[in-house]
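Peer 1: next comes the sequence, and after it the predicted model I'd like to discuss.
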Amino acid sequence: MTEKTYFARKSSGLVREFGTLDSLLIASAAVFALTYTILQFPWYYGFNEGANLPLALALVAIPYVFLMLVYWAIGVIMPRAGNDYVWVSRIFHPSVGFAWSFLYMFANVAGSYVAGIAAYAYGVSTALTIWGFLYNSQGLIGLGTFLSTPVGGFELTILITVCFAVLGIVGARAVKSFLYVAWALAVIAIIVIWVSVGSTNPTAFAAKWDSVLGTYSTYEKLITLATQSGWSPPAITFAATLASAPFAALFLLGSNWVNIMAGEVKNVKRAIPIALLLSLFLGVVIWSITAVLTLNGFGANWMYAVGYLFDNAGSTYSAAMPLPPAYPMMVSLIVYPNQFLVFLVLFTMLAGSLTAPFVYFWVPSRYFFAWSFDRIIPTKMANVSQRFRTPYVSILIITTMSILISTLYWFLVGWATAQSLATFLVMSCFVVPCIATAVFPYVKKDLMDAAPGWMRKKLGNVPLLSIFGLLAAVSFAYIAYLALMNPLITVATWGGAAIALVIIVGCFVTYYGSVYYHKKHGLDIELAFKEIPPV
């Protein structure tokens with residue numbers, strides 16, 4: 001008889017084509033996502049009266065440092081595709097690893113990709129409408145209005161998703177070219193934002209707002225409407241800032257996703273820690289500077305009032321304004337009537353924003369690849385293109401999944417609901433690999449002895465990895481608890497609980513069904529989980 005092969009193949013077929021700078025760009029794209037400035041500032045300030053965003057970012061950066069140390073160890077010790085899934089499945093149990101990683105992947109696709117690309121659609125709609133006003137083009141105004149509707153937004157989502165699928169399948173060279181160009185535009189956008197917002201003040205901004213959008217609702221009228229809807233100027237407090245931690249955590253979310261690509265990263269011992277820690281640092285600094293400039297330039301009370309009105313009294317806001325309070329719109333008003341600067345602001349913000357949704361779309365395909373490589377799902381999903389060296393079947397699967405979730409989003413759920421559910425699920429999901437890291441030194445002593453540098457160190461008799469893992473697990477469990485207890489963040493529904501339960505139960509059924517199926521055909525796939533997958 002021929003030798004039994006427990007994995008799909010003896011080699012993954014993937015090639016390590018991403019270097020340290022590439023990894024940093026991937027991690028940073030997820031953390032500093034210009035896409036989320038489109039609606040996330042009004043979302044944060046509207047739901048967190050009295051919160052100080054820079055202080056909140058500094059607070060949540062502490063558990064993120066522990067999380068980055070955890071993912072540093074995960075990425076270096078088991079540098080494979082679907083990295084944290086491989087970690088959890090080899091330390092706990094493959095069924096736990098599969099169920100956890102599928103729920104985590106689903107929450108990120110729903111909350112980060114689908115909701116993010118929807119925010120992007122709002123940004124495109126706003127840009128086209130503003131250009132229509134500037135150039136007196138009814139065609140642009142009409143297109144912008146159409147894209148602000150569920151049908152228009154959904155069609156744009158499908159178009160972008162298909163383009164991302166093609167880019168992901170074509171391969172690493174195309175992906176890297178896209179990342180470098182988009183990041184160059186993003187840097188220009190950041191500079192333009194800081195110079196524009198930093199050079200204005202609430203009085204000047206109010207005059208620009210009234211001159212362009214005053215026929216709908218003036219700057220002061222929006223504050224009046226918010227007050228009539230129950231808002232009052234907040235006092236900044238530490239308690240409110242701490243309560244906003246789940247919202248602030250979303251600004252720093254995502255750099256650990258570079259680990260999921262670890263099987264395609266060169267020199268992971270150097271690339272992974274640089275990508276994780278530097279992207280986190282840059283995220284805290286850039287978001288803090290942007291937040292301070294935003295409140296000083298637009299007016300703190302106005303930002304809180306508009307956010308409150310948009311988040312909590314949507315019908316009142318819609319009756320007063322035809323456009324959402326998108327950040328590109330606010331920045332473009334500052335440089336109005338200079339048509340070149342208006343175009344530069346909107347174009348660089350939108351073009352530079354594409355890296356984040358692409359990363360959140362492209363990376364999850366490696367989970368499908370890893371599950372398939374372990375034979376939990378059909379091995380065909382681990383097929384790699386001989387020409388492009390990409391897992392094209394997995395990319396097609398994530399494309400289909402993204403379109404299905406987008407359908408639910410645009411016609412049933414909505415941006416705030418998707419973000420709210422994803423906030424709690426993602427923060428909760430971080431707890432699992434952190435606990436796995438805490439117990440790793442005790443259950444995988446051979447790998448622990450071979451771990452590099454600081455990962456073998458101990459504080460007394462307790463491994464540092466266990467301490468960092470436990471601190472990260474407790475921290476993110478607390479953030480998830482804050483999200484669950486805050487009715488403005490997570491409104492518990494039977495539907496949301498049912499989705500999570502169906503995913504978890506379905507994954508366990510799928511895993512044990514696969515084990516049973518392969519045993520009937522003479523192969524015990526559970527033996528594969530005693531080893532790390534081949535490169």
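Peer 2: Yes, it's here.

Peer 1: by mean pLDDT, flag the weakest helix or strand of this structure.
Peer 2: Ranked by mean pLDDT, DSSP states H and E, the weakest helix or strand in the chain is helix 415-429, scoring a mean of 73.

Peer 1: what's the burial count for Tyr216?
Peer 2: The number of residues packed near Tyr216 is 14, by other Cβ atoms under 10 Å. (Glycine included, C-beta is placed from N, CA and C.)

Peer 1: scratch that, Ser199
Peer 2: 12.

Peer 1: in the helix or strand just after the least confident helix or strand of the chain, what counts as buried?
Peer 2: Sequence-wise, the next helix or strand downstream of helix 415-429 (DSSP states H and E) is helix 431-443. Neighbour counts over helix 431-443 (16 or more other Cβ atoms under 10 Å) mark 431-438, 440-441 as buried.

Peer 1: can you list contacts of helix 431-443?
Peer 2: 66-67, 70-71, 73-74, 84, 87-88, 91-92, 96, 100, 104, 447-448, 463, 465-470, 472-473, 476-477, 480 (Cβ atoms under 8 Å, 6 or more residues apart in numbering).

Peer 1: from these, which land in helices?
Peer 2: Counted as lying in helices by DSSP state H, out of these, are 66-67, 70-71, 73-74, 84, 87-88, 91, 96, 100, 104, 447-448, 465-470, 472-473, 476-477, 480.

Peer 1: quick one: Pro150 and Phe411 touch, right?
Peer 2: Yes: under the criterion of Cβ atoms under 8 Å, Pro150 makes contact with Phe411 at 5.7 Å.

Peer 1: higher neighbour count, the two?
Peer 2: Pro150 (15 against 11).

Peer 1: backbone phi and psi for His93, please?
Peer 2: phi -160, psi 150 (degrees, to the nearest 10).

Peer 1: just give the nearest non-adjacent residue to it, would you?
Peer 2: Phe529 (7.9 Å; Cβ to Cβ, 6 or more residues apart in numbering).

Peer 1: residue contacts, that neighbour?
Peer 2: Per Cβ under 8 Å, 6+ apart, neighbours of Phe529: 89-90, 93-94, 374.

Peer 1: drop anything exposed from the residues you listed.
Peer 2: 89-90, 94, 374.

Peer 1: picking that back up, hmm, which two among the contacts of Phe529 are most spread apart?
Peer 2: Within these, His93 and Asp374 form the most distant pair, 12.4 Å apart (Cβ to Cβ).

Peer 1: rewinding a little: nearest to Ile158, of the contacts of Phe529?
Peer 2: Asp374 (31.1 Å).

Peer 1: I figured the closest one hits Lys530, correct?
Peer 2: No: contact between Asp374 and Lys530 fails when scored by Cβ under 8 Å: they sit 11.7 Å apart.

Peer 1: so, low pLDDT: which residues of the stretch 1-150 of the chain?
Peer 2: Low-confidence segments of the stretch 1-150 of the chain, defined by pLDDT under 70: 1-4, 33-37.

Peer 1: what about 90?
Peer 2: 1-15, 29-49, 107-137, 141, 144-145, 148-149 (pLDDT under 90).

Peer 1: need the next SSE after the longest helix along the chain, C-terminal direction.
Peer 2: The longest helix of the chain (DSSP H) is helix 268-298. Following helix 268-298 in sequence order, the next helix or strand is helix 300-312 (DSSP H and E).

Peer 1: would you list the phi and psi of Phe361?
Peer 2: phi -90, psi -50.

Peer 1: so who does it touch?
Peer 2: Counted by Cβ under 8 Å, 6+ apart, Phe361 has contacts 109, 113, 161, 164-165, 168, 398, 402.

Peer 1: can you redo the residues you listed as a markdown table with secondary structure?
Peer 2: Below are the contacts of Phe361 laid out as a markdown table (DSSP: H, G, I helix; E, B strand; the rest coil):
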| residue | secondary structure |
| --- | --- |
| Val109 | helix |
| Tyr113 | helix |
| Thr161 | helix |
| Phe164 | helix |
| Ala165 | helix |
| Gly168 | helix |
| Ile398 | helix |
| Ser402 | helix |
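
Peer 1: quick one, which of these are buried?
Peer 2: 109, 113, 161, 164-165, 168, 398, 402.

Peer 1: and the helix or strand where Thr510 lies, what's buried?
Peer 2: Taking DSSP H and E as the criterion, Thr510 maps to helix 494-520. Using 16+ other Cβ under 10 Å as the burial criterion, the residues of helix 494-520 that qualify are 496, 499-500, 503-504, 507, 510-511, 514-515, 518.

Peer 1: any buried residues in stretch 234-247, and which?
Peer 2: 234, 240-241, 243-247.

Peer 1: run through who's touching it.
Peer 2: Contacts for stretch 234-247 (Cβ under 8 Å, 6+ apart): 43-44, 47-53, 55-56, 59-60, 304, 423-424, 427, 479-480, 482-483, 486, 489.

Peer 1: check stretch 125-143 too.
Peer 2: 38, 144-145, 147-148, 152-153, 212, 322-324, 326, 328-329, 332, 336-337, 339, 342-343, 346-347, 350.
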